[in-house]
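> Sequence below, structure please.
(one chain, ligands or ions: 1)
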Amino acid sequence: MVDLYEFIADVPDFPEEGIVFKDITPLLAHPEAFLQAIDEMAAPYLESGVDMVVGIESRGFLLAGSVAERIGAGVGLVRKAGKLPRKCVSVTYDLEYGSDSLEIHEDAFEAASRVLIVDDVLATGGTLVASKDLIEKAGGQVVGATMLMELTFLEGRERFDGPLHAVLVY
Ligand code: AMP
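This is a model prediction of the structure:
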């Protein structure tokens, strides 16, 4: 076992002043740390009958593929507006300044697919809540979410209705 906290690099004032960016690339680069992180993200959901693991653009994709492989599920993609090539459903959600849109292919799920959401960082929870709405709009049934890390001081967990697992807690 390694200490996963040692593989997260804090980058102050990125991408703007006052934000401490949590850089996961050292963890991704270290085979043992990466494997352990994926094991710990997948563990609570191994017996949950998950059909699809949906990753949120873009670091979520890297984690979602491996979590899906571990669980024995397929992979789905939530992307920024305009990136997916076929017909999509979309949601718009508020950011601190302005708003953003996320999309998923409208036929991403079989009827009543059980979906696990994956991302690297839970901050305010806006992205996670919007992704859940989007998945439900596309006919998926969200069984929970698993995050590599949670920034608890931003209280994103309070906004998400459902089981939520985070491997690293700040
Ligand atoms: P939020 O919607 O506020 O929960 O933000 C979550 C999304 O923004 C995730 O997709 C993260 O990748 C990214 N994010 C937010 N805060 C950070 C941070 N401090 N370091 C790295 N990524 C972040």
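
> give the contact list for residue 9.
Residues near residue 9 by CB atoms under 8 Å, 6 or more residues apart in numbering: 22, 23, 25, 26. Bear in mind the C-beta positions are built from the backbone N, C-alpha and C, glycine included.

> taking those residues one by one, which sit in strands?
22, 23 (DSSP state E).

> Quick one, which of the contacts of residue 9 are buried?
In the contacts of residue 9, burial by neighbour count holds for 22, 23, counting by 16 or more other CB atoms under 10 Å.

> Out of the contacts of residue 9, which is nearest to residue 49?
Here the nearest of the contacts of residue 9 to residue 49, counting by CB to CB, is residue 22; it sits at 30.9 Å.

> Which residues of the chain lie near the ligand?
Residues of the chain found near the ligand, taking CB under 6 Å from any ligand atom as the criterion, are 19-22, 56, 59, 119-128, 156.

> From these, list just the buried residues.
With burial judged by 16+ other CB under 10 Å, the buried subset of the residues of the chain next to the ligand is 22, 56, 59, 119-123, 125-128, 156.

> Measure how buried residue 16 is and give me the count.
Residue 16 is flanked by 7 other residues according to other CB atoms under 10 Å.

> Out of the contacts of residue 9, which is nearest to the ligand?
residue 22 (3.8 Å; CB to the nearest ligand atom).

> which stretches of the protein form strands?
Counting by DSSP E, the strands of the chain are 9-12, 20-23, 52-56, 74-80, 88-94, 99-105, 114-122, 141-150, 164-169.

> Please enumerate residues in contact with the fifth one?
Taking contacts as CB under 8 Å, 6+ apart, the residues outside strand 88-94 that touch it are 81, 99-106, 126-127, 129-130, 133-134, 137-138.
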